[in-house]
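J.: fold the following and give me the result.
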Amino acid sequence: MAFSKKPVSFIVATFVGLVSSIALANPTTDSVQVKTEVAHEEHAAAPEAAHGEGKEFSATELINSHIGDAHDFHIADWDGHAISLALPVILWTDNGLKVFSSAEFHHDNTGHHVVSVDGQSFVRHNEVIYYADKFEQLKEEDKSAFNFDARPLNFSITKNVFSMLLSVIVLFLLFTAMARSYKKNDKAPKGLAGFLEPLVIFVRDEIAIPNIGHKKYAKYMPYLLTIFFFIWINNLIGLIPFFPFSSNLTGNIYFTFVMAFITFMITTFSANKAYWGHIFAPPVPKALYPIMWPVEIIGMFTKPFALMIRLFANITAGHIIILSLISLIYIFKTVAIAPVSGAFVLFMSVLEMLVAALQAYVFTLLSALFIGQAVEEHDHH
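T.: Below you'll find the predicted structure:
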């Protein structure tokens, strides 16, 4: 296999920009004195009491807690207490950077428990961290992650970010091991390299070359390989129901937006004169240009939008179906339904493994198709 060694500089710049916020995760919190306010202790006790015997099972709560992001990893419950891994909270506030552990919220997600850090107070409501004083003044409809007047900028290592970093480490280990194998063995690949090489060739021969062309495909192979394996591994991580996996990264609309946006940027910056000519001077009578321009420009954005929704909807739907089937046991309050529910869960889990690979393939295929349309390569050797 021969791949071009010419890097696509703007791709690297984009990925560096994405991970730059993670660089703020400085673990040196010795100078940060974290104090937990007790003024609302009676309110904080209410959520904990809700875990008792009197609480009705809520399938909606179970599903939302799984498909949503979180500031900690819930591992299990023991003797009425939650066992979880607290993740670092990294906030850029009006008074600069604040770093502390999510354990300081004491599992409260209702906005009652107040955490004080260097004179500033914070609360957490539905996994969104607000300034405590401003949160008290908010109406229910104003409690949104987009209300930046009431909340600091949040660069925390959440469950989804943790999963993303884990998948990056897995990718790095896989392909460095593959590279070492090729250095030592100049014959047919064996072991891990023997498993990965057909996948790399598949992306090259079935995705990149047919859609981009022989002359220019190598330039985009690093990106196509990255998104194929990155999405596939994160899809599989989401299917494993225990720590340190179980996150729903590819079912997060913000993640799929960023992935689609990168494809859009690569397509836009790679586009040649023919591509822009088709948009601003389409092959129709000039009298129709005022109608065609908005249509063509909107089309530039609808394609990555469809890419974003396709990945998000398919992965999220699979998780919801599996969790709904499990919830049937608790809704009907009988183990008699467990064999039926378990059989369907097993079937859906196997199907989701297929969907995990299929969605990685579809996302990579459509990205290559959009890039191919932009570079207008028609070499079909």
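J.: please count neighbours and contacts with C-alpha atoms only from this point.
T.: Fine.
J.: so how far is the helix or strand harbouring residue 319 off the chain centroid?
T.: Assigned by DSSP states H and E, residue 319 belongs to helix 289-332. Here helix 289-332 is found 14 Å from its chain centre; the criterion is C-alpha atoms, centre = their mean, to the nearest Å.
J.: output the contacting helices and strands for it.
T.: helix 59-67, helix 253-270, helix 273-280, helix 338-375 (3 or more C-alpha pairs under 8 Å, 6 or more residues apart in numbering; DSSP states H and E).
J.: buried ones in the last one?
T.: Within helix 338-375, the residues that qualify as buried by neighbour count (16 or more other C-alpha atoms under 10 Å) are 338, 341, 344-345, 348-349, 352, 355-357, 359-375.
J.: closest to residue 90 out of the helices and strands packed on helix 289-332?
T.: In terms of C-alpha to C-alpha, the element of those nearest to residue 90 is helix 253-270, at 18.4 Å.
J.: okay, angle between that closest one and helix 289-332 too, please.
T.: Counting by axes from the mean of the first three to the mean of the last three C-alpha atoms, to 10 degrees, helix 253-270 points 160 degrees away from the direction of helix 289-332.
J.: tell me what angle helix 253-270 forms with helix 273-280.
T.: 110 degrees.
J.: does anything pack onto helix 253-270? Which helices or strands?
T.: helix 9-19, helix 289-332, helix 338-375.
J.: the ones you listed: which one's closest to residue 196?
T.: If we rank the helices and strands packed on helix 253-270 by C-alpha to C-alpha, the stretch that ends up nearest is helix 338-375, at 13.8 Å.
J.: report the contact partners of residue 312.
T.: 250, 251, 252, 253, 256 (C-alpha atoms under 8 Å, 6 or more residues apart in numbering).
J.: go again using 6 Å as the cut-off
T.: By C-alpha atoms under 6 Å, 6 or more residues apart in numbering, the contact list for residue 312 reads 251, 253.
J.: quick one: low-confidence parts of this structure?
T.: Along the chain, the parts satisfying pLDDT under 70 run over 1-55, 377-381.
J.: quick check, central residue of it?
T.: Most central in the chain under C-alpha atoms, centre = their mean is residue 249, positioned 3.2 Å from the mean C-alpha point.
J.: next one: the residue nearest to that residue when sequence neighbours are not counted from residue 243, what distance?
T.: Excluding the flanking residues, the one nearest residue 249 by C-alpha to C-alpha, 6 or more residues apart in numbering is residue 160, at 5.2 Å. Distance of residue 160 to residue 243, given as C-alpha to C-alpha, to the nearest Å: 12 Å.
J.: looking at these two, which one has more neighbours?
T.: The residue with more neighbours, out of residue 160 and residue 243, is residue 160; 26 against 14, by other C-alpha atoms under 10 Å.
J.: part of a helix, is the more buried one?
T.: Yes. Looking at residue 160 with DSSP: H, G, I helix; E, B strand; the rest coil, it is inside a helix.
J.: so how far is residue 71 from it?
T.: 9 Å.
J.: now residue 278
T.: The gap separating residue 278 from residue 71 is 46 Å, by C-alpha to C-alpha.
J.: so if I had to pick from these two, which one is more boxed in?
T.: Shown here are residue 278 and residue 71; by other C-alpha under 10 Å, residue 71 has more neighbours (26 against 13).
J.: show me what contacts that one?
T.: Applying C-alpha under 6 Å, 6+ apart, we find residue 71 in contact with 87, 158.
J.: let's have the helices and strands packed on helix 289-332 in TSV, adding distance to residue 155.
T.: Rendered in TSV, the data for the helices and strands packed on helix 289-332 read as follows (distance: least, C-alpha to C-alpha, whole Å):
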stretch	distance to residue 155
helix 59-67	20
helix 253-270	14
helix 273-280	37
helix 338-375	27
